[in-house]
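> Fold the following and give me the result.
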Amino acid sequence: MIPGIGPSGRERYGRQILSIGVEGQERLNAAHIVVAGAGGLGSPAAIYLAAAGIGRLTLIDCDTVERSNLNRQVLHGEADIGRPKVESGVEALRALNPSIRVEGVRATITGENASALVGDADGIVDAMDNYPARFVLNRVAQERGIPLFHGAIRGFHGQATTCVPGRGPCLACLFPNVPPKEGSPVLGATAGVIGCIQATEVVKYVAGEGELLTGRLLLWDGLAARMDEVAVAPRAGCPACSERVRR
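Got it, this is the predicted structure:
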């Protein structure tokens, strides 16, 4: 028997344990991750974090499911139209892995409530569709000393990075000015690519495996089927992290 996991966990996570070890799996089972956004990015990220055995997932979203969401927001289906996304999302994740704790919070993330919403989480998946909310989460992550796993998409293109306080640039270093509001076009498969990268980064961070995207912005070009990356560094005087980053 695998200590702390049990026979059902040994069966469920057996192939994964070959990659991250028993201790890595136990770390996943003990972790609490907030997925901010239950849409195109949050759907694949949450699905694979639930499947991986993250012990507690908090899904935060304020919207209801619309038919126009269904090309990319794979947590939800036709029968969920009109339901709160956190309701249908939590239902799907619990069905996928009944052994973990999944909770949904229907709320708009603001500067006033973000810290309370994040609570005692070990990390935040940034699956938002607007940069003001992303920057709020970035500041909370810096204040609490926990990582922010960033992803963004547009059409066939996407990006991802991991911001770990004290170990590299934060999101505000990369984007000192608010980028244009995200929106159409969105290809569902692009959300799948970037959301899966975010989930992989979470698993690596929690399990202590591999090299994170800290200090690197990964760029996905689906039209060319090519990934590139750009090295990024802390920005002097960044209001969100300048006192926390070890240069």
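> buried residues in the lengthiest helix in the chain?
Secondary structure assigned by DSSP state H gives helix 6-30 as the longest helix of the chain. Using 16 or more other C-beta atoms under 10 Å as the burial criterion, the residues of helix 6-30 that qualify are Gly9, Arg12, Tyr13, Gln16, Ile17, Ile20, Gly24, Gln25, Glu26, Arg27, Leu28, Asn29. C-betas here are computed from N, CA, C, even on glycine.
> what two of those residues have the greatest distance between them?
Spatially, the most separated pair among those is Arg12 and Arg27, at 15.9 Å (C-beta to C-beta).
> how about the strands of this protein, start to end?
When assigned using DSSP state E, the strands of the chain occupy the ranges 32-36, 56-61, 101-106, 123-126, 148-154, 157-163, 216-221, 226-231.
> could these be laid out in TSV, adding mean pLDDT and mean neighbour count?
Shown next, in TSV, are those (pLDDT from 0 to 100; neighbours: other C-beta atoms under 10 Å):
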stretch	mean pLDDT	mean neighbour count
strand 32-36	98	28
strand 56-61	98	25
strand 101-106	98	18
strand 123-126	98	28
strand 148-154	97	25
strand 157-163	97	25
strand 216-221	98	17
strand 226-231	98	11
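> closest one to Arg72 among those?
Distance to Arg72, taken as C-beta to C-beta, is lowest for strand 148-154 among the strands of the chain, at 8.6 Å.
> Quick check: neighbours of that closest one in the sheet, parallel or antiparallel?
Paired strands of strand 148-154, with direction, are strand 123-126 (parallel), strand 157-163 (antiparallel) (DSSP bridges).
> I would like the residues contacting the first one, please.
Translated: strand 123-126. Under the criterion C-beta atoms under 8 Å, 6 or more residues apart in numbering, residues 31, 33-37, 41-42, 45-46, 49, 118, 134, 137-138, 140-141, 146-151, 171, 198-199, 202, 205-206 lie in contact with strand 123-126.
> can you check the longest one too?
By C-beta under 8 Å, 6+ apart, the surrounding residues in contact with strand 157-163 are 138, 141, 147-153, 169-171, 174, 190-191, 193-194, 197-198, 201, 205, 212-214, 216-223, 232.
> rerun at 6 Å
The contact list for strand 157-163, computed with C-beta atoms under 6 Å, 6 or more residues apart in numbering, reads 147-152, 170-171, 190, 194, 197, 201, 212-214, 217-221.
> What of stretch 80-91?
Residues from elsewhere that reach stretch 80-91, judged by C-beta under 6 Å, 6+ apart: Ala38, Leu59, Asp61, Asp63, Thr64, Val65, Arg67, Leu75, His76, Val102, Gly104, Arg106.
> where in this protein is pLDDT low?
Within the chain, the ranges that satisfy pLDDT under 70 run 1-4, 182-183, 243-247.
> show me where the protein has helices.
Remark: helices assigned in the chain by DSSP H are 6-30, 42-52, 85-96, 114-118, 131-144, 171-174, 188-207.
> Out of the ones you listed, which one sits most buried?
Ranked by mean neighbour count, the helices of the chain are led by helix 42-52 with a mean of 25 (mean count of other C-beta atoms under 10 Å).
> How far away from the center of its chain is it?
Taking C-alpha atoms, centre = their mean, to the nearest Å, the mean C-alpha location of helix 42-52 is offset from the chain mean by 9 Å.
> Only C-alpha atoms, please: export that helix in PDB.
Provided in PDB are the C-alpha atoms of helix 42-52 (Å, rounded to 0.1, in the frame of the first residue of the first chain):
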ATOM      1  CA  GLY A  42     -10.100  27.300 -16.300                       C
ATOM      2  CA  SER A  43     -12.000  24.300 -17.700                       C
ATOM      3  CA  PRO A  44      -9.000  22.200 -18.900                       C
ATOM      4  CA  ALA A  45      -6.800  23.500 -16.100                       C
ATOM      5  CA  ALA A  46      -9.400  22.400 -13.500                       C
ATOM      6  CA  ILE A  47     -10.100  19.100 -15.200                       C
ATOM      7  CA  TYR A  48      -6.500  18.000 -15.200                       C
ATOM      8  CA  LEU A  49      -5.800  19.300 -11.700                       C
ATOM      9  CA  ALA A  50      -8.800  17.300 -10.400                       C
ATOM     10  CA  ALA A  51      -7.600  14.200 -12.400                       C
ATOM     11  CA  ALA A  52      -4.100  14.600 -11.000                       C
END
